[in-house]
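> Sequence first, predicted coordinates after that:
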Number of protein chains: 2
Amino acid sequence: MSSCTPCRLPYSAPLWTTNRISWRLRGIEENKTFSINFPSAEMMEKTDYCGLVSGKDTDKAALFDVYYGELKTAPMINECPLSLECRLVTTVTNPTNNFYIGEIIASYTEEKYLTDDKPDIKKINPLLLTMPDNCYWTIGECAGNAWSCGKKLIKK
Amino acid sequence: MSSCTPCRLPYSAPLWTTNRISWRLRGIEENKTFSINFPSAEMMEKTDYCGLVSGKDTDKAALFDVYYGELKTAPMINECPLSLECRLVTTVTNPTNNFYIGEIIASYTEEKYLTDDKPDIKKINPLLLTMPDNCYWTIGECAGNAWSCGKKLIKK
């Protein structure tokens, strides 16, 4: 288990949406809080396991070192390089699932995942999921700078 | 300009959310339709340009070969390897922006982006954006199979 102390990042953040139907949503609706935890590629097997079993039958939290932030009720995963702690703002009920829209109250990472005091996605090394081929992918190379590389197309 | 004929993929798809405030949202609210177009890394400069200028002053569509699908009013970009055509279902009004939740009516790609009749993210070669470092990234390598690689952690 990692013994890191998560640190709070100095960024305000927009609203966030999640749309999973699962046992753990009972916690969201009871506490009006939730967290979003970004697993690294090194955590792939544990992450996949969490998608294979239900929290109704299995204590998934036992796999991880869990901590709580300032909202006190949103469990976060210490091993994850980035975690977002959210306060539930709105629930949108759809025919097949619910969308939970939250305000990000705090974000947590470790110094080793930062470059120039900003989260470094290559250090975080998150997993991406594609369907229907059901593959996990890592991040590739930096292709260019946003709000910058397109300036050459602006007509003077 | 590409001369491809987009083909419809045989997948039903879930609801989708977008949360941009911009000139083009007038089209969403008037027509109750919208599209989501995934640019490839080769389209990075044009994509970035679209984030630098407002549709209020600039005809961004002139940069692309635009087509319409079965909803007739959601413009899609032919050069994009994957486009999703959506019918607006719900608008969630937040303090700083709106969330537009749509049903995906059809998805469009080309044969060259498929492997075994499924979209192949390495062929699509999409751009990913990180903030606040404002970088575009490509997809890296396949790290493993989802709903599979975690089975070894399930206790018999």
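Alright, I've got the coordinates.
> Is residue A:107 within a helix or a strand, and which one?
Using DSSP states H and E, residue A:107 maps to strand A:98-109.
> Please see if the longest helix along chain A touches chain B.
Longest helix of chain A, by residue count under DSSP state H: helix A:44-52. Yes - residues of helix A:44-52 are located near chain B by Cβ under 8 Å from any Cβ of the partner chain, namely A:44-52. Quick note: C-beta positions are derived from backbone N, CA and C, even for glycine.
> Could you pick out the buried ones from the residues you listed?
Among the residues of helix A:44-52 next to chain B, the ones that count as buried by 16 or more other Cβ atoms under 10 Å in any protein chain shown are A:44-50.
> Pick the one among those closest to residue B:81.
Closest approach between these and residue B:81, by Cβ to Cβ: residue A:44, at 26.1 Å.
> Who does the closest residue to that closest one other than its chain neighbours form a beta bridge with?
Among residues not flanking residue A:44 along the chain, residue B:144 sits closest, at 5.2 Å (Cβ to Cβ, 6 or more residues apart in numbering or on different chains). Counting by DSSP bridges, residue B:144 is bridged to residue A:136.
> who touches residue B:144 in this structure?
A:44-45, A:48, A:135-136 (Cβ atoms under 8 Å, 6 or more residues apart in numbering or on different chains).
> re the thing from before, can you mark which positions in the strand holding residue A:107 are buried?
The neighbour-count check on strand A:98-109 (16+ other Cβ under 10 Å) flags A:98-109 as buried.
> quick one: the helices in chain A?
With DSSP H as the criterion, chain A has helices spanning A:25-31, A:44-52, A:121-124.
> that older thread, pull the distance from the longest helix of chain A to the chain's centre.
The gap between where helix A:44-52 is centred and where its chain is centred comes out at 14 Å by Cα atoms, centre = their mean, to the nearest Å.
> Packing partners of it?
Counting by 3 or more Cβ pairs under 8 Å, 6 or more residues apart in numbering or on different chains; DSSP states H and E, the packing neighbours recorded for helix A:44-52 are strand B:135-145.
> Can you show me the CA trace of the strand it packs on as PDB?
Coordinates of each C-alpha in strand B:135-145 appear next as PDB, following Å, rounded to 0.1, in the frame of the first residue of the first chain:
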ATOM      1  CA  CYS B 135      -1.700  19.800 -24.500                       C
ATOM      2  CA  TYR B 136      -3.100  17.500 -27.200                       C
ATOM      3  CA  TRP B 137      -2.200  13.800 -26.800                       C
ATOM      4  CA  THR B 138      -2.500  10.800 -29.000                       C
ATOM      5  CA  ILE B 139      -3.500   7.300 -27.900                       C
ATOM      6  CA  GLY B 140      -0.700   5.000 -26.800                       C
ATOM      7  CA  GLU B 141      -0.600   1.200 -26.600                       C
ATOM      8  CA  CYS B 142      -3.200  -1.300 -25.600                       C
ATOM      9  CA  ALA B 143      -2.500  -2.200 -22.000                       C
ATOM     10  CA  GLY B 144      -5.000  -5.100 -21.600                       C
ATOM     11  CA  ASN B 145      -8.500  -6.400 -22.100                       C
END
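> Tell me the buried residues in it?
B:135-140, B:143-144.
> Output those residues as TSV; include the columns distance to residue B:85 and pLDDT.
Shown next, in TSV, are those (distance: Cβ to Cβ, whole Å; pLDDT from 0 to 100):
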residue	distance to residue B:85	pLDDT
B:135	29	96
B:136	25	97
B:137	26	97
B:138	25	97
B:139	23	97
B:140	29	97
B:143	31	97
B:144	32	97
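> Which pLDDT value belongs to the nearest residue in space to residue A:61 that is not next to it in sequence?
Spatial nearest neighbour of residue A:61, excluding adjacent residues (Cβ to Cβ, 6+ apart): residue A:75 at 6.5 Å. For residue A:75, the pLDDT comes out at 92.
> how far away is residue A:75 from residue A:56?
According to Cβ to Cβ, to the nearest Å, residue A:75 and residue A:56 sit 16 Å apart.
> Looking at those two, which one has more neighbours?
residue A:75 (19 against 9; other Cβ atoms under 10 Å in any protein chain shown).
> right, and the more buried one touches residue A:69 too?
No - taking Cβ atoms under 8 Å as the definition, residue A:75 is not a contact partner of residue A:69, at 9.5 Å.
> between those two, what contacts are shared?
Residues touching both residue A:75 and residue A:69 (Cβ under 8 Å, 6+ apart) are residue A:35.
> Now mean pLDDT too, for the helices of chain A, in CSV please.
Below are the helices of chain A laid out as CSV (pLDDT from 0 to 100):
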stretch, mean pLDDT
helix A:25-31, 84
helix A:44-52, 94
helix A:121-124, 96
